[in-house]
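> Quick one, what's the 3D model for this:
(4 chains, ligands or ions: 6)
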There are 4 protein chains.
Amino acid sequence: MRVTSRRVELRSDTFTLPTREMREAMVAAELGDDVYGEDPTVRELEGMAARVLGKEAGCFMPSGTMANLSAIMAHCPRGSAALVGMDSDIYRYEAGGASVCGGVVYRPILNRADGGFEPGDILAALPGDVDDPQFAVPKVLCLENPANHAGAKILPEARVRELAELARRHGIAVHLDGARIFNAAVSSGVPAQEIAACADSVQFCLSKGLGAPVGSVVVGRAAFVREVRRIRKMLGGGMRQSGVLAAAGIVALKNRDRLAHDHETARRLAEGLAATPGVEVVSSGMNMVFFRVPGMDHGRFIEEVGARGVAVAELGHERLRAVTHVGVGLDDVDYAVEAVRAVITGTT
Amino acid sequence: MRVTSRRVELRSDTFTLPTREMREAMVAAELGDDVYGEDPTVRELEGMAARVLGKEAGCFMPSGTMANLSAIMAHCPRGSAALVGMDSDIYRYEAGGASVCGGVVYRPILNRADGGFEPGDILAALPGDVDDPQFAVPKVLCLENPANHAGAKILPEARVRELAELARRHGIAVHLDGARIFNAAVSSGVPAQEIAACADSVQFCLSKGLGAPVGSVVVGRAAFVREVRRIRKMLGGGMRQSGVLAAAGIVALKNRDRLAHDHETARRLAEGLAATPGVEVVSSGMNMVFFRVPGMDHGRFIEEVGARGVAVAELGHERLRAVTHVGVGLDDVDYAVEAVRAVITGTT
Amino acid sequence: MRVTSRRVELRSDTFTLPTREMREAMVAAELGDDVYGEDPTVRELEGMAARVLGKEAGCFMPSGTMANLSAIMAHCPRGSAALVGMDSDIYRYEAGGASVCGGVVYRPILNRADGGFEPGDILAALPGDVDDPQFAVPKVLCLENPANHAGAKILPEARVRELAELARRHGIAVHLDGARIFNAAVSSGVPAQEIAACADSVQFCLSKGLGAPVGSVVVGRAAFVREVRRIRKMLGGGMRQSGVLAAAGIVALKNRDRLAHDHETARRLAEGLAATPGVEVVSSGMNMVFFRVPGMDHGRFIEEVGARGVAVAELGHERLRAVTHVGVGLDDVDYAVEAVRAVITGTT
Amino acid sequence: MRVTSRRVELRSDTFTLPTREMREAMVAAELGDDVYGEDPTVRELEGMAARVLGKEAGCFMPSGTMANLSAIMAHCPRGSAALVGMDSDIYRYEAGGASVCGGVVYRPILNRADGGFEPGDILAALPGDVDDPQFAVPKVLCLENPANHAGAKILPEARVRELAELARRHGIAVHLDGARIFNAAVSSGVPAQEIAACADSVQFCLSKGLGAPVGSVVVGRAAFVREVRRIRKMLGGGMRQSGVLAAAGIVALKNRDRLAHDHETARRLAEGLAATPGVEVVSSGMNMVFFRVPGMDHGRFIEEVGARGVAVAELGHERLRAVTHVGVGLDDVDYAVEAVRAVITGTT
Ligand SMILES: [Ca+2]
Ligand SMILES: [Ca+2]
Ligand SMILES: [Ca+2]
Ligand SMILES: [Ca+2]
Ligand SMILES: [Ca+2]
Ligand SMILES: [Ca+2]
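Ligands and ions are numbered 1, 2, ... in the order given. All right, here's what the predicted structure looks like:
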């Protein structure tokens, strides 16, 4: 029998809804006008984020897109270049903001299987002579950790260190798109501040697995964050009583260890899918499972499991992705596996 | 006796804190991921805003700055110009975003006493020949109504109509920065949608007198709003479960008639200040009083009334401004007048 | 009898054709690839220009527009502002390039009768607090000397010094659009390098009164000129064997004293026009005469004197301008005055 | 015996010096102010270029960089993307101008061995949904033909047609960077206008093998060229009596068949180098020879042949390139081969 009223949202962890605790914090939050720097709750969140990631200061943002954009602009003067992953979210899904708003050239580098770059590929992208005006000179190297497109992989520590050193030798700052950095920390047992240590600036999202409704934070040195704040205002990201959002963010950040639960759920989902005939699990990690259903058109597959209340999405042109989060329990996962099996076998 | 624990916030209506009703609506809001267009509360707010202002569609924004920036960019292709008030908020306080992000040239026009422009000044700013490549061609005329800098004046209807017709004859769209359009509507008795009728696009702020914690809305034709939405994403203004903010915005918009109370409070404040020796009320309108204290340095005045818990601000280089809002009662106003009198007479 | 085969070109001194000496220099020029910095003739011109204007280095440009644009961009990082004359060529006739290519905000300042600015107007355009992110902070003040729109006026030296000091106190560089700086020098007897002394950078045009076919030069400190050169390449102004143009430029620059002849011709033209009933000479200076013909539509006037072979142009919306140059002799001027008289009196 | 006074310039065909015929044409050219569209020689060149390439109109440019930049900007509104070769001159050597001046995102595509692209790589670069605001939507595909980096290869006609059709199906214009298109035409016997037929716009350089001192031309539809001309003015590429340059360009274009001589010279050079022990010819085509000297550091090799008067250059990080042109005779080539042999064998 088909249960159509049930809904298991596996498209992304951006769909997380705020918990009761977050909603209560939002109601109780002490507020002020953050455009004047007077919202105590925003300040608390920014300070907490900086401490947790081992940086001097933080700046609250309406989105991860603006967090990355502001950070790149603060690192890159007009006419310089940003080295980004060919498959990175920054390059593919953020509408080219650094070129539009910053006059910055994206210089995409091939992402290797581990989500990182070959040093040789970086070197090949550097101008032979930085004084030669025909070249846009790179001023930031953007890493994504964990790497979404590589199948939610944690970048190997040695790789990161090697790339960061290479960047520094060439006067290039390192920005870490750590949208899901706490998934990486919880999953690997490496403290987030160690993962962040390689980078001059880091952004992370409160609204993904952490479960807050809105927001990201950029952290880095104090002077850098002041520049980020200036750019944020120009882009229109200065908000008034944004403490209502920050309050939920504080709860999200405090409870970050609960991400372990999402990883467990994802593991169960990966096992269930792997055991389902007609499903090929490509990779899984943290709160994500990437898979294919070789016998079916992906569009049709998405539609049919959707009809059974299970929402998954294609990522890029070839893979399906299921993401677990606070809104997905173990029973939801079991239900989802059952729905996939039913769709593939054609059972109703 | 000096009461230092009392605080009367008159610097701006951006300092409004959400009411209990708003906070409850935020907690109860039905949410979704608005980046996927799935937040029902955001959609409800956008639809309501469009209806109230008589336009086809709306787009929720994290700030008035982004609302104006996105609207200008949607009207103005790269290399074109925006006609803006020399004293307008858009030109003076929004960090030049349209030039930075949009490659748009600001062409400031002298603001006349009524907050509007002389048609001749507009004509003088138009290129003799739009096909001559030496000119940046204006594609939008930005009006501000009510005009903040002119002392919270409502633009005369005939003036607005004349300017809008002039713009249209030259293929120039009209954008209305209606940050406080509902103050104008409530104060004049003219429905907001009539005030908005002259404009192709309008933005208004939920977080000023309307009292919501965060947000603005841009309204206009459906195709225009789609373009605004695209630009919003690029700027980083796409938020996830922004229904938490929109819920407060809906309450704010429904209760907009309460602005009448702020106007009454401001009138009482204006009268009280006018009756205070050493205070010169320059102008007052809606929820604002502009004044000077000719015998004192403004910086010192601000500090001294501040020590008594009354916060006012300088606007531009020469005037003090006091703004009433939901957080300011009639007794607060009386207290503020008393504090001003005490500071000026030097009484403690 | 109407002489239609004669042509007196008074629309602008940009119409100057290269002299025989220039053409011969072009043919004989030693050339190289200037993109590699190997054109000896370009280097010679750049060095000569720097010396004549008392600066460290120079950079050859395809146009005055690019010279100003590159200089403004080199002074102004993305998001900063350029203070420019409301009536200046930079603001009105250069297509807004600094906003489009540089993300720079134009902040126009009212031009006073002498072509300069009131210090108070500059101060009013400065942000109250440069650290407040709502403001675009000015980084360059652009002067135009002589001021084209003010009727080819030389800025009073005291005025220039006052403005330059004001700028410096606020950390603002001074750029001089000296398109016709040598007309000012020859006319006033003040050496060009004294006129240039107030400015951090200067551009002048070789292709106006100096008579070269193409080009301008930017001069300033060596590090500044290196940055200008980088920007020039990005804009597409790096040319190959541009020594062919520079050769004519060298001749033009060497023979700059011949501008005195154009000033004499213009004086005679001004006198002739002043003595013509129906003509009102508004102002004249150096090689320009600004006038009106109150009894006639300017468009029709231009057409009718044009039919007699005399080309003049409207500048802005209200004045006619006649400009003398190497291609205009005393007899041409007499012929032109006669043609104007005939048109006004309706004689054929 | 070492002949140090002889100089064989093989670094690039940009080093070509104007011929006597060109210099004479420059002296004799009829001129006017091209900013007013009144230079007859520029018009003649633009018309000739358009005809030769089978397009409606042309626009003269100070450089190939500005030609490509203006064309990309005319095709690509702010916020859209340009598909460019990863190894193309546009992407690597033109300072990122389209991002800086145009707010355009470069989307580099892997260049295949033939200098073209795999259709699948193009498809992978297209957004899944052009209405989804997270994507910068491509509006132009830039081909380079012949492909400099691929070793001066002519793109196979079938490849070009396939790519152009693919582009058109997705509403993407095709721009051809035909810097050396006439080398391709002369070498292949295919008329230039057939090579250009696939493209909406083409730019070619007058100052490379064609031998003119300065300039490029963009050709395309009349409305497109008007937009290019507008952008040229904004960038500062509007020049005054540029007929002096166009005159040489006309001679260059008329004599384009002489490129066959450069190809013959290059063939002889390739053979000579191939027969030299210690030299590995990687590829050769038209007027270029790409080679390596595996036993020597390239920097030292360049210096040592340079000491013998033979100038070659590294291209990218791994190859040496020698380019023949009007300034290189058969005897120069023989001399160059001898110099290379001497350097490698260590003979003085
Ligand atoms: Ca969420
Ligand atoms: Ca508020
Ligand atoms: Ca820009
Ligand atoms: Ca000239
Ligand atoms: Ca730009
Ligand atoms: Ca050449």
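> tell me which parts of the stretch 51-200 of chain A are close to chain B?
Within the stretch 51-200 of chain A, the positions lying close to chain B (Cβ under 8 Å from any Cβ of the partner chain) are A:61-63, A:65-70, A:94-97, A:100-101. Placement of C-beta: from N, CA and C, glycine included.
> could you redo the last one with a cut-off of 6 Å?
A:62-63, A:65-66, A:69, A:95, A:97, A:100-101 (Cβ under 6 Å from any Cβ of the partner chain).
> mind putting the residues you listed in CSV, distance to ligand 1 included?
Listed next are these as CSV, based on distance: Cβ to the ion, whole Å:
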residue, distance to ligand 1
A:62, 13
A:63, 11
A:65, 15
A:66, 16
A:69, 20
A:95, 20
A:97, 21
A:100, 26
A:101, 25
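> In helices, which of those fall?
A:65-66, A:69, A:97, A:100-101 (DSSP state H).
> that older thread, which pair of the residues of the stretch 51-200 of chain A next to chain B spans the longest distance?
Maximum pairwise distance in those, criterion Cβ to Cβ, is 17.4 Å, between A:62 and A:100.
> between those two, who's got more neighbours?
Higher neighbour count among residue A:62 and residue A:100: residue A:62, with 33 against 28, using other Cβ atoms under 10 Å in any protein chain shown.
> For the more buried one, give me its contacts.
By Cβ atoms under 6 Å, 6 or more residues apart in numbering or on different chains, the contact set of residue A:62 is A:237, B:62, B:239.
> The one helix or strand in chain A whose mean pLDDT sits lowest packs against which elements?
Within chain A, no helix or strand scores below strand A:313-315, which has a mean of 89 by mean pLDDT, DSSP states H and E. With contacts defined as 3 or more Cβ pairs under 6 Å, 6 or more residues apart in numbering or on different chains; DSSP states H and E, strand A:313-315 has these neighbours: strand A:319-323.
> Can the strand it packs on be said to contact chain B?
No: using Cβ under 6 Å from any Cβ, strand A:319-323 stays clear of chain B, coming no nearer than 12.0 Å.
> which residues are in contact with that strand?
Here strand A:319-323 makes contact (Cβ under 6 Å, 6+ apart) with A:10, A:12-13, A:282, A:287-291, A:312-315.
> Now residue A:250: which helix or strand?
helix A:243-254 (DSSP states H and E).
> close to ligand 1, is the helix or strand following that helix?
Next in sequence after helix A:243-254, counting helices and strands by DSSP H and E, comes helix A:259-274. No: figure legend: helix A:259-274 not in contact with ligand 1 (Cβ under 5 Å from the ion); closest approach 12.7 Å.
> Send me the helix or strand just after helix A:259-274 as PDB with only the CA atoms.
Sequence order places strand A:280-285 as the next helix or strand after helix A:259-274, per DSSP H and E. Coordinates of each C-alpha in strand A:280-285 appear next as PDB, following Å, rounded to 0.1, in the frame of the first residue of the first chain:
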ATOM      1  CA  GLU A 280      24.600   1.700  -7.500                       C
ATOM      2  CA  VAL A 281      26.000   3.700  -4.500                       C
ATOM      3  CA  VAL A 282      28.700   5.800  -6.000                       C
ATOM      4  CA  SER A 283      30.000   7.200  -2.700                       C
ATOM      5  CA  SER A 284      28.800   8.200   0.700                       C
ATOM      6  CA  GLY A 285      30.200  10.300   3.500                       C
END
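> and stretch A:291-303, is it in reach of chain D?
No: judged by Cβ under 6 Å from any Cβ, stretch A:291-303 stays clear of chain D, getting no closer than 10.8 Å.
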